[in-house]
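Peer 1: Just need the structure, nothing else, for what follows:
(chains A and B)
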Amino acid sequence: EADIYQTPRYLVIGTGKKITLECSQTMGHDKMYWYQQDPGMELHLIHYSYGVNSTEKGDLSSESTVSRIRTEHFPLTLESARPSHTSQYLCASSNQETQYFGPGTRLLVL
Amino acid sequence: KNQVEQSPQSLIILEGKNCTLQCNYTVSPFSNLRWYKQDTGRGPVSLTIMTFSENTKSNGRYTATLDADTKQSSLHITASQLSDSASYICVVRQGGYNKLIFGAGTRLAVHP
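Peer 2: Okay, here's the model as predicted:
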């Protein structure tokens, strides 16, 4: 079982609210990732980080932002949530070989 | 275009039966191929990883095969159990770019 955690697991909020999805790992991995996954669809990389103070945008354009102030922590923020942001958000961290995924946050924006 | 295509999209089998899931890819250059299992509402968990030189790799009742010439992989599940109900995702790492290309997954349902 990988030591990577995400909170909240489920979130229902109204349009226009600011939200932060938390992700933390205790494996000391430098590389961390955020993916967006709609039901029955493939994962799309939206952000990644190769270490502290390093963040890059992924393949899928996203209005979210991320920060990496500490190795173990990689939060994702939406300044103003919209219904189009409704999705599952998966955080992952990796060593050289394997990506370990968190349980995900299911976000519903009304 | 670098793509990973999986088939079937969904599959229903009876408990105890075997099944095979397919993955075709056009990713180049190829680094490795991994099969993940994703339970509903959870993150994916790695089952197997295969590099260019490996043809077969097993993990319990899961056996993955790789044909790097035809760019095809399969995941065979033996004596299925109810707990095998999940989505199975094929992921190819693109060499040189450290980039992962995800398939859309096969949704497997095992019925009693």
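Peer 1: and chain A, which of its residues are near chain B?
Peer 2: A:2, A:4, A:40-45, A:90-92, A:97-104, A:106 (Cβ under 8 Å from any Cβ of the partner chain). Every residue, glycine included, has its C-beta placed from N, CA and C.
Peer 1: residues in contact with the residue nearest the centre of chain A?
Peer 2: Among the residues of chain A, the one closest to the centroid is A:W34, at 3.6 Å (Cα atoms, centre = their mean). A:W34 is in contact with A:23, A:45-48, A:58, A:64, A:66, A:74, A:76, A:89-92, counting by Cβ atoms under 8 Å, 6 or more residues apart in numbering or on different chains.
Peer 1: what do you get if the cut-off is 7 Å, keeping everything else the same?
Peer 2: Contact partners of A:W34, counting by Cβ atoms under 7 Å, 6 or more residues apart in numbering or on different chains, are A:I46, A:H47, A:V66, A:L76, A:Y89, A:C91.
Peer 1: Any idea which residue of chain A lies closest to chain B?
Peer 2: A:F101 (3.0 Å; Cβ to the nearest Cβ).
Peer 1: Please name the spatially closest residue to the residue in chain B that chain A sits nearest to (chain neighbours excluded).
Peer 2: Per Cβ to the nearest Cβ, B:G43 is where chain B lies closest to chain A, at 3.0 Å. Spatially, and ignoring its direct neighbours in sequence, B:G43 is nearest to A:F101 (3.0 Å; Cβ to Cβ, 6 or more residues apart in numbering or on different chains).
Peer 1: Report how many residues lie close to that neighbour.
Peer 2: 23 (other Cβ atoms under 10 Å in any protein chain shown).
Peer 1: Please apply the same query to the one 4 residues further on.
Peer 2: Using other Cβ under 10 Å, the number of residues around A:T105 comes to 21.
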